[in-house]
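# Sequence isn't available, so here's the structure alone:
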């Protein structure tokens, strides 16, 4: 079956009567933990946004970026493999996943109260798809771990999360290049080490 045909088949499976679909974007590369795959950055962002809204503490774009970064670090630390199929740039206020940042940029400093969606028209009907992480992730114990970590991070002020990234050598050693927009993206090792340096704050009372 061709890739296009498979995508169409998947859309049909997830279609709901009202034209709203829950869309799970196929990931590109397999990870090494429990046969799971790298997740689309927007799927991980939606996972965080949804938890934050459920806790009546919606995240800003700035906080969203830091939580995504530390989730990436958690997976690199615990499983030696990333969660997100994307890169993190070194910006003035810490790590940024640029695609997700640009999508929510117009939100400014306001809390994000909606999930990222994709819309298309087929047979004259508008289909709206919410981007979700793969089911084998969402239905696993790993998702429970992610949820507890996100809950802890959502409760931390944005400025504190920025400070946590700024105090680590992966950011502070490159301030001059960051200020001139010449800094290279974070390496996986830098992300992992930044998480480890802040693990006590990130994990809190939750410890696996």
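Arrived safely, thanks for sending. Given the structure is predicted, the values throughout are model-derived calculations rather than measurements. Numbering: from 1, shown residues only.
# Would you state the helices of the chain in chain order?
Secondary structure of the chain, counting by DSSP state H: helices at 3-14, 41-54, 61-79, 98-103, 135-138, 141-154, 158-166, 169-172, 175-179, 188-197, 199-203.
# so which of these gets nearest residue 123?
Among the helices of the chain, the nearest to residue 123 by Cβ to Cβ is helix 3-14 (11.6 Å). Glycine gets a C-beta too; all of them are placed from N, C-alpha and C.
# on that earlier part again, please name whichever of the helices of the chain is nearest to residue 91.
With Cβ to Cβ as the measure, helix 175-179 is the member of the helices of the chain nearest residue 91 (6.8 Å).
# Tell me the buried residues in the closest one?
For helix 175-179, a neighbour-count test (16 or more other Cβ atoms under 10 Å) marks residue 178 as buried.
# I'd like the helices of the chain written out as JSON lines, with mean pLDDT added.
Formatted as JSON lines, these follow (pLDDT from 0 to 100):
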{"stretch": "helix 3-14", "mean pLDDT": "41"}
{"stretch": "helix 41-54", "mean pLDDT": "96"}
{"stretch": "helix 61-79", "mean pLDDT": "96"}
{"stretch": "helix 98-103", "mean pLDDT": "96"}
{"stretch": "helix 135-138", "mean pLDDT": "82"}
{"stretch": "helix 141-154", "mean pLDDT": "92"}
{"stretch": "helix 158-166", "mean pLDDT": "97"}
{"stretch": "helix 169-172", "mean pLDDT": "97"}
{"stretch": "helix 175-179", "mean pLDDT": "96"}
{"stretch": "helix 188-197", "mean pLDDT": "97"}
{"stretch": "helix 199-203", "mean pLDDT": "90"}
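# Alright, I will stop here.
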